[in-house]
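Undergrad: I would like to see how this sequence folds:
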Amino acid sequence: MNLLLLGRRTAMGALAALLLVAGVWASWGTAQHVMLTEGRERGVMTVTRCDSDACVGWYASSSHGTGPRRRVVIERSIAEKKGERIPVALKPGTHDAVRTGGPGFLHAWLPFGGALLLSSVVVAGGLRLRRTAWTLALSGTALLTASFATLAF
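TA: Predicted coordinates for the structure are as follows:
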């Protein structure tokens, strides 16, 4: 009987850890462009049009002596409107941009917030660690709410 309990706890702990690692992995692709400034071109994007999943606009580099304005694409979040100016960083070698600053940081870590919420259910149900589960759930909720608030207002 104790071996079954150990097996269940091990499996649930591994699943919760896998969910959290997957959340960090999914977030890191965008977060590295927001947090690491070395070798990244930064500037301001003026949105010209948006469709359901991306916005296109003109880019002006904040570095002096760089080339003319060019068109870049940014993943659509909830706040973009035509004519809005968004601080961005360009992904090296592409025309893809990511939002920078506080809103960009929080938007980049959205998958991790979802992973925190999902792993809290596994920790509560499979491991029976309710306080830890509440901490994970509240952390994930705070991250998702802060991201929504900074992008929407």
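Undergrad: kindly state the pLDDT recorded for T132?
TA: T132 is assigned a predicted lDDT (pLDDT) of 98.
Undergrad: thought it was touching V121?
TA: No. Using C-beta atoms under 8 Å as the test, T132 is too far from V121 to be in contact (12.0 Å). The way it works is simple: take the backbone N, C-alpha and C, and place the C-beta from them, glycine included.
Undergrad: which helix or strand contains the closest residue to A124 other than its chain neighbours?
TA: Nearest residue to A124, sequence neighbours excluded (C-beta to C-beta, 6 or more residues apart in numbering): A133, at 3.5 Å. Here A133 is covered by helix 130-152, with elements defined by DSSP states H and E.
Undergrad: how about that helix: buried residues?
TA: 133, 136-137, 140, 143-144, 146-148, 150-151 (16 or more other C-beta atoms under 10 Å).
Undergrad: and for stretch 90-105?
TA: Of the residues in stretch 90-105, 90-91, 96-100, 103-105 count as buried by neighbour count, 16+ other C-beta under 10 Å.
Undergrad: mind listing which of these are in helices?
TA: Using DSSP state H, 103-105 are the members of the buried residues of stretch 90-105 that sit in helices.
Undergrad: can you map out the strands along this protein?
TA: 42-50, 54-61, 70-75, 85-90, 96-99 (DSSP state E).
Undergrad: how about these in TSV, adding distance to A26 and mean pLDDT?
TA: Shown next, in TSV, are those (distance: least, C-beta to C-beta, whole Å; pLDDT from 0 to 100):
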stretch	distance to A26	mean pLDDT
strand 42-50	23	91
strand 54-61	18	91
strand 70-75	13	89
strand 85-90	19	90
strand 96-99	14	90
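Undergrad: wait, which of the ones you listed is closest to R8?
TA: Proximity to R8 (C-beta to C-beta) singles out strand 70-75 among the strands of the chain, at 39.0 Å.
Undergrad: for the closest one, packing partners?
TA: Packing partners of strand 70-75 (3 or more C-beta pairs under 8 Å, 6 or more residues apart in numbering; DSSP states H and E): strand 42-50, strand 54-61, strand 85-90, strand 96-99.
Undergrad: of those, give the one that comes closest to V21.
TA: With C-beta to C-beta as the measure, strand 96-99 is the member of the helices and strands packed on strand 70-75 nearest V21 (21.9 Å).
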